[in-house]
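>>> Below are the sequence and a predicted model; questions follow.
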Amino acid sequence: MGNFVKNLNKKAPQVGFVSLGCPKALVDSERILTRLRAEGYEISPSYEGADVVVVNTCGFIDSARAESFDAISEAMAANGKVIVTGCLGVDEAGIREVAPKVLSVTGPQQYEQVIEAVHRVVPPMHDPHVDLLPPGGIKLTPRHYAYLKISEGCNNRCSFCIIPQLRGDLVSRPITDVMREAEALASAGVKELLVVSQDTSAYGLDIKYAGGLWRDCVLETRLKDLAEGLGDLGLWTRLHYLYPYPHVDSIIPLMAEGKILPYIDIPFQHAHPAVLKAMRRPAHQEKVLERIRGWREICPDLTIRSTFIVGFPGEGEEEFEYLLDWLREAEIDRLGAFRFESVKGAPASDLEGAVPQTVKDERYERLMEVQQTISLKRQLAKVGRTIDVIIDEVDEEGAIGRSKGDAPEIDGSVFVAGGEALVPGAIVKATVTNADAYDLWAELAE
Ligand code: SF4
C-alpha cells in the first residue's frame with residue numbers, strides 16, 4: 001500500500017493522499033501536493049478526516065494494477081469521495097467497473113485536472129498561502145534526499161512495457177529548469193539527488209540538446225552537462241535508469257573524479273542477444289561486458305545496479321544459462337529480478353514460447369542464488385575500508401545510513417556503531433567491520 005502523508009493542521013480543507021508506484025509517480029504526487037499546499041489545503045493523515053482522497057495509481061504490471069484497485073476500493077469504503085490519477089487512470093472503464101462512483105479519473109502527469117477535481121469537491125482557501133511551502137516544495141522522501149525528474153515519457157518501445165503508451169514519447173525538461181530545481185532543493189537542505197526519468201541516457205534528445213544559461217555559462221540539455229552541473233552543486237548525485245548507449249561511457253570519468261556518485265543504475269533485463277532482441281531493448285547490441293570492464297578500470301569503486309527479467313517468452317534453458325554466465329563475468333553489484341508477467345497491451349504478451357510459472361520460479365531462485373554469491377564477494381571486499389556514509393536514521397543502537405553504492409529504498413544499509421549523536425543527512429566517514437550480501441556494518445572513523 002502507498003504512503004499516507006501526515007500533517008496535523010485541522011482548520012484548512014483536508015486532502016487524503018495515497019501514492020502508489022515508482023519514483024516517477026512519487027514525483028507526480030509531490031507536484032500535486034506542492035500545488036495543493038500552495039493553495040492552503042492540508043494533508044489529512046487518515047481517510048476519515050479527509051474532505052476528499054486522491055489516489056495516485058500504478059498500472060504497470062498486473063500486481064501493481066491489483067494493488068491500485070485495492071487502494072481505490074479501500075478509499076471508497078472509508079471516505080467515498082475519491083479522485084483517481086496516475087498510470088492506471090488510462091483504464092477509466094476498468095476503474096469504473098470496480099468503483100463506479102469515483103469522482104474523476106485522469107492519467108499520469110495530469111496535475112491540472114487533479115487540482116480542478118479537488119477544487120470541485122472542496123474549494124481552495126480564500127488566499128493561497130504560498131508561504132506555507134518550504135523552498136523546494138513538499139517532498140515525500142526524507143528531507144536529506146530528493147528525486148529529481150528530468151524528463152517524462154520514453155522513445156523506446158521495449159516489448160514488455162506499456163509506459164510509452166501510458167506516458168507518451170520523451171519530453172525533456174530544459175536544463176536550466178532542472179538546475180534551478182536542484183539548487184532550490186540544495187538550499188532546502190537536500191544532500192542527495194536521485195535523478196529519475198524513464199530513460200536518463202536519452203535526456204535532451206527530443207529538444208536537440210538545446211543549450212540553456214546556468215550561472216554565466218551555457219549547459220546543453222544532455223546527460224553529461226547535467227551530471228557536471230549537478231556535480232558542481234556539491235551534493236551527492238545518483239543517476240537512475242541509464243541504458244548502455246555508447247555516450248554513457250563519457251560520464252564514468254565524472255564518477256571517478258567524485259563529481260557524481262560512482263553508481264550506475266542500468267536495467268539490462270537480460271544478456272542473451274536473442275532475448276534482448278525479442279525484448280526490443282535499446283542498445284542491445286553493444287558489447288556490454290567489455291564496457292563494464294572498461295568502466296571499472298576508470299572508476300574502480302563503481303557500483304552497478306541492474307534489473308533482469310527471467311522467463312521472458314522464448315527464454316530456454318540455454319538462454320538462461322547464458323545469462324547466469326554473463327552475470328558471473330559482469331559481477332553486477334546489486335540486482336533486482338522479476339519473473340516475466342504479461343501486461344495488457346504489451347507486444348511481448350503475444351509472443352510465442354511462454355515459460356511455465358514453475359520454470360520462472362525455479363529460474364528466479366537460481367538467478368538469485370548466483371547473485372548472492374557475487375554480491376557477498378563484492379561486499380566482503382569492502383571490509384577494512386573507510387567509506388563515506390550518509391545517515392538516514394538514528395536510534396539508541398546507533399545510526400543507519402547508506403554508502404555511495406546504496407540508493408534509498410532499493411539497496412542495502414550501513415549500520416554505524418557509535419553514531420548515536422549523528423543527525424539524518426550527515427555525511428560521515430566509517431570503517432567497515434562486517435558485511436553480508438546486502439548490508440554493511442561499520443564503526444565511526446572520526
Ligand atoms: S526504456 Fe523500455 S522499459 Fe523503460 S520505459 Fe522505455 S519502453 Fe519501457
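That came through, no problem.
>>> From the rest of the structure, what touches the longest helix seen in the chain?
Longest helix in the chain by number of residues (criterion: DSSP state H): helix 357-380. Outside helix 357-380, the residues that touch it by C-beta atoms under 8 Å, 6 or more residues apart in numbering are 308, 310-311, 315, 320, 323-324, 327-328, 331-335, 337, 339-340, 355, 412, 435-438, 440. From N, CA and C alone the C-beta is placed, and that goes for glycine too.
>>> So which of those residues are in strands?
Applying DSSP state E to the contacts of helix 357-380, the entries found in strands are 308, 310, 334, 335, 337, 339, 435, 440.
>>> Top of those by number of neighbours, please.
residue 440 (27 neighbours; other C-beta atoms under 10 Å).
>>> pretty sure that residue contacts residue 416?
No. Using C-beta atoms under 8 Å, residue 440 is not in contact with residue 416; the gap is 9.2 Å.
>>> residues in this protein within reach of the ligand, list them.
Within the chain, the positions adjacent to the ligand are 154, 156, 157, 158, 161, 163, 164, 198, 199, 282 by C-beta under 6 Å from any ligand atom.
>>> what's the distance between the third one and residue 187?
In this structure, residue 157 and residue 187 are 39 Å apart, going by C-beta to C-beta, to the nearest Å.
>>> do the last one as well
Counting by C-beta to C-beta, the gap between residue 282 and residue 187 amounts to 36 Å.
>>> More neighbours: the two, which one.
Neighbours were counted for residue 282 and for residue 187 using other C-beta under 10 Å; residue 282 has more, 18 against 10.
>>> quick one: secondary structure of the more buried one?
coil (DSSP: H, G, I helix; E, B strand; the rest coil).
>>> Return the residues in contact with it.
156, 158, 199, 243, 245.
>>> Over to the closest residue to the ligand within the stretch 301-446 of the chain: give its phi and psi.
Closest residue of the stretch 301-446 of the chain to the ligand, C-beta to the nearest ligand atom: residue 346 (9.2 Å). With angles defined as degrees, to the nearest 10, residue 346 sits at phi -90, psi 130.
>>> again with residue 14
According to degrees, to the nearest 10, residue 14 has phi -110, psi 130.
>>> Identify the spatial nearest neighbour of it, chain neighbours not counted.
Excluding the flanking residues, the one nearest residue 14 by C-beta to C-beta, 6 or more residues apart in numbering is residue 44, at 3.9 Å.
>>> Now for the one you found, how many residues are close by?
25.
>>> Return the distance of it relative to residue 76.
16 Å.
>>> Any regions of this structure where pLDDT drops low?
Applying pLDDT under 70 to the chain picks out residues 1-11, 38, 125-139, 141-142, 283-286, 446.
>>> any idea which residue sits dead centre in it?
residue 23 (3.7 Å; C-alpha atoms, centre = their mean).
>>> contacting residues around that one?
Residue 23 neighbours (C-beta under 8 Å, 6+ apart): 147, 194, 196, 240.
>>> Just among those, which is most surrounded?
Going by other C-beta under 10 Å, residue 194 tops the contacts of residue 23 with 24 neighbours.
>>> Could you list which residues are in contact with it?
By C-beta under 8 Å, 6+ apart, the neighbours of residue 194 are 23, 145, 146, 147, 148, 238, 240, 407, 408.
>>> if we go to 10 Å?
By C-beta atoms under 10 Å, 6 or more residues apart in numbering, residue 194 lies in contact with 23, 27, 141, 145-149, 236-240, 261, 263, 265, 407-409.
>>> Contacts for the helix or strand containing residue 401, please.
Assigned by DSSP states H and E, residue 401 belongs to strand 398-402. Outside strand 398-402, the residues that touch it by C-beta under 10 Å, 6+ apart are 145, 192, 236, 238, 388-394, 408, 411-428, 430, 439-444.
>>> so how far is it off the chain centroid?
21 Å (C-alpha atoms, centre = their mean, to the nearest Å).
>>> Give the pairing partners of the helix or strand just after it; include direction for each.
Per DSSP H and E, the first helix or strand lying C-terminal to strand 398-402 is strand 414-417. Strand pairing for strand 414-417, using DSSP bridges, gives strand 398-402 (antiparallel), strand 440-444 (parallel).
>>> What residues sit buried inside the last one?
By neighbour count, with 16 or more other C-beta atoms under 10 Å as the criterion, the buried positions of strand 440-444 are 440, 441, 442, 444.
>>> Need the residues that contact it.
379-380, 382-383, 385-387, 389, 398-399, 401-403, 405-406, 412-422, 428-435.
>>> what do you get if the cut-off is 6 Å, keeping everything else the same?
414, 415, 416, 417, 418, 419, 430, 431, 432, 433, 434 (C-beta atoms under 6 Å, 6 or more residues apart in numbering).
>>> Just give the number of residues close to residue 167.
Around residue 167 there are 19 residues (other C-beta under 10 Å).
>>> For the closest residue to it other than its chain neighbours, list the residues it contacts.
With C-beta to C-beta, 6+ apart as the criterion, residue 167 has its nearest non-adjacent residue at 4.6 Å, and that residue is residue 153. Counting by C-beta under 6 Å, 6+ apart, residue 153 makes contact with 167, 168, 169, 170, 171.
>>> Out of those residues, who's the most crowded?
Busiest of these [other C-beta under 10 Å] is residue 170, holding 21 neighbours.
>>> For that one, grab phi and psi.
Taking degrees, to the nearest 10 as the convention, residue 170 sits at phi -60, psi 130.
>>> Strands along the stretch 201-350 of the chain, start to end?
With DSSP state E, counting those that start in this stretch, the ranges of strands along the stretch 201-350 of the chain come out as 211-214, 217-220, 236-239, 263-265, 303-310, 334-339.
>>> Packed most tightly, which of these would that be?
strand 236-239 (a mean of 26; mean count of other C-beta atoms under 10 Å).
>>> just to revisit the earlier point, can you go through the residues of the chain next to the ligand and name the buried ones?
154, 156, 158, 161, 163, 164, 198, 199, 282.
>>> Ignoring the adjacent residues along the chain, who's closest to the second one?
Taking C-beta to C-beta, 6+ apart as the measure, residue 156 lies nearest to residue 282, with 4.8 Å between them; neighbours along the chain are not counted.
>>> At which residues are the helices of the chain located?
Counting by DSSP H, the helices of the chain are 23-38, 62-78, 92-98, 111-121, 163-167, 175-187, 223-232, 252-256, 273-279, 288-298, 317-330, 357-380.
>>> if we can go back for a sec, now render the buried ones among the residues of the chain next to the ligand as CSV, adding distance to residue 299.
What follows is those, written out as CSV (distance: C-beta to C-beta, whole Å):
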residue, distance to residue 299
154, 27
156, 26
158, 27
161, 29
163, 30
164, 32
198, 25
199, 22
282, 23
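>>> about what we covered before: which among the contacts of residue 153 gets closest to the ligand?
residue 167 (7.9 Å).
>>> could you list every residue that touches the closest one?
108, 152, 153.
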